[in-house]
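Participant: Show me how the following folds:
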Amino acid sequence: MKKTLFLALSASLALGAWAEEKADSTNFVFTDINTVKTTSVKDQNKSGTCWSFCATSFVEDEIMRQGGDSLDLSEMFTVRHCYSDKADRFVRMYGECNFAGGGSALDVPYVWKKYGAVPEEVYSGLNYGEDKHVHAELDALLSGYVKTVADKPNKKVSTAWKKGFDGILDAYLGEVPETFTYKGKTYTPQSFAASLPFNADDYVAITSFTHHPFYEEFMLEIPDNWLYEKYYNVPMEEMQAVVDNAIENGYPVAWAADVSEKGFKWRKGVALMPKGKDTGDMDGTELSKWVTLSDTDRANKKYDFYGPVPEEEITQELRQQWFDNQETTDDHGMEIVGIATDQDGNRYYKVKNSWDTNQIYGGYIYVSMPYFLAKTLDIYVHKDALPQELAVKMLGKSVKNNKK
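Facilitator: From the prediction side, this is the model:
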């Protein structure tokens, strides 16, 4: 997701697994049709770590789905290891690759398999005088450090640079514990991860673009895919069918998307693609995405919607066009936890965000199907959540589709 710093929002809401109606001053009435059990909404605050928050929430929910406890896992444990490994790669590639605080949902299973996991209470990543995550100084220090090393002012890379880099991480985020005690048991990060019902090999990443063949894997060309991970490529309708099948059978879905569209109204709790929209994205800061009505919107009333409005018909060609001309960007990671309808019968995904909870739906937003089809970068889901026909096309075998 983009390496932007996010403003904090605050309050609290737990998601129920029952149908629920909500009416509000925006003239939307949403009815939750299907929801999955999920942990509480978290706050990434002023850090570009949405990728870790969304995928960590996803892992927490998958653990619950498979009979485990409701846990609060550390996002910053993952972030700290990714910073360190990104720095190694950056220096080894002579500074000719991306280095920033952003990342992909697939970074979380990467760290899970290589380094393990720890609870939030063991590693909060707040070792620098802040109550919430504020990464501007840290990001600037780390970026400047690795760029200096890659420039080789001594004509070669020293043997001390990595120790110095990790020292910055230790100072700001805290030293990674070799062992820790949790609920009366002693663990290493690796043994703690092994004790939980989450197997990173059981999950697949899916996208939908026409510049690569369908039903094959390819490396998604976005800056924050620093691990060069591969994604299965399917038509957009089948990508949507995966999400539908997942939610209907009790599986959560990690979701990467572009939220810079004028129709993404965070404070209103809804994301739409109004018909006849100007395809240009908003200029400005992250805050411009969250206000109820931005200055840009005031000048263009078609984005000042109150209640359902006609939306764009999204085609595979239009979706590809917006990706190719970079109107659809590698922007933000969230988690899809439900399916809902509005008062006109239009379908939405209920999406859990990591921008705290002082927003109309306590940290959740309802995303229309046209918005999902147009602005999804990729999804991440358990293999057993795939529709059977697609599972055979992608994996060469059927899956369980067990509802849990």
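Participant: show me where pLDDT drops low in this structure?
Facilitator: 1-25, 277-304, 401-404 (pLDDT under 70).
Participant: now the helices for this structure?
Facilitator: 50-65, 75-92, 107-114, 136-151, 161-173, 189-194, 236-248, 287-290, 295-298, 316-324, 369-375, 388-395 (DSSP state H).
Participant: nearest to residue 221, of those helices?
Facilitator: Among these, the nearest to residue 221 by C-beta to C-beta is helix 316-324 (9.3 Å). Every residue, glycine included, has its C-beta placed from N, CA and C.
Participant: Can you name the residues in contact with that closest one?
Facilitator: Contact with helix 316-324 is made by 208-211, 235-236, 279, 312, 328, 373-375, as judged by C-beta atoms under 8 Å, 6 or more residues apart in numbering.
Participant: out of those residues, which is most surrounded?
Facilitator: With neighbours defined as other C-beta atoms under 10 Å, the most crowded of those is residue 375; it has 28 neighbours.
Participant: Not counting its neighbours along the chain, what's nearest that one?
Facilitator: residue 258 (4.4 Å; C-beta to C-beta, 6 or more residues apart in numbering).
Participant: For residue 378, see how far away the one you found is.
Facilitator: Residue 258 is 11 Å from residue 378, where distance means C-beta to C-beta, to the nearest Å.
Participant: does residue 127 really touch residue 171, like I thought?
Facilitator: Yes: counting by C-beta atoms under 8 Å, residue 127 touches residue 171, with 6.8 Å between them.
Participant: Find residues that contact each of these two.
Facilitator: None of the residues lies in contact with both residue 127 and residue 171 under the rule C-beta under 8 Å, 6+ apart.
Participant: from the helices of the chain, which stretch is densest packed?
Facilitator: Using mean count of other C-beta atoms under 10 Å, the stretch among those with the largest mean neighbour count is helix 50-65, at a mean of 26.
Participant: and that helix, what does it pack onto?
Facilitator: The contact analysis (3 or more C-beta pairs under 8 Å, 6 or more residues apart in numbering; DSSP states H and E) places helix 50-65 against helix 75-92, helix 107-114, strand 253-257, strand 332-341, strand 376-382.
Participant: rerun that using 10 Å as the cut-off
Facilitator: helix 75-92, helix 107-114, strand 203-207, strand 253-257, strand 332-341, strand 347-352, strand 376-382 (3 or more C-beta pairs under 10 Å, 6 or more residues apart in numbering; DSSP states H and E).
Participant: Adding distance to residue 152, write the ones you listed out as JSON lines.
Facilitator: Formatted as JSON lines, the helices and strands packed on helix 50-65 follow (distance: least, C-beta to C-beta, whole Å):
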{"stretch": "helix 75-92", "distance to residue 152": "9"}
{"stretch": "helix 107-114", "distance to residue 152": "28"}
{"stretch": "strand 203-207", "distance to residue 152": "35"}
{"stretch": "strand 253-257", "distance to residue 152": "35"}
{"stretch": "strand 332-341", "distance to residue 152": "34"}
{"stretch": "strand 347-352", "distance to residue 152": "44"}
{"stretch": "strand 376-382", "distance to residue 152": "35"}
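Participant: Can you tell me which of those is nearest to residue 30?
Facilitator: Closest to residue 30 of the helices and strands packed on helix 50-65 is strand 332-341 (C-beta to C-beta; 4.8 Å).
Participant: Can you list the strands that the closest one pairs with?
Facilitator: As defined by DSSP bridges, the strand partners of strand 332-341 come to strand 29-35 (antiparallel), strand 253-257 (antiparallel), strand 347-352 (antiparallel).
Participant: As CSV, those with distance to residue 339 and mean neighbour count would be great.
Facilitator: Formatted as CSV, these follow (distance: least, C-beta to C-beta, whole Å; neighbours: other C-beta atoms under 10 Å):
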stretch, distance to residue 339, mean neighbour count
strand 29-35, 5, 18
strand 253-257, 11, 27
strand 347-352, 6, 24
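Participant: Of those, which is nearest residue 110?
Facilitator: Counting by C-beta to C-beta, residue 110 lies closest to strand 253-257 out of these; the figure is 13.5 Å.
Participant: ok, residue 353 touching residue 267?
Facilitator: No: with contacts counted by C-beta atoms under 10 Å, residue 353 stays clear of residue 267, the gap being 11.6 Å.
Participant: Right, I'll call it a day here.
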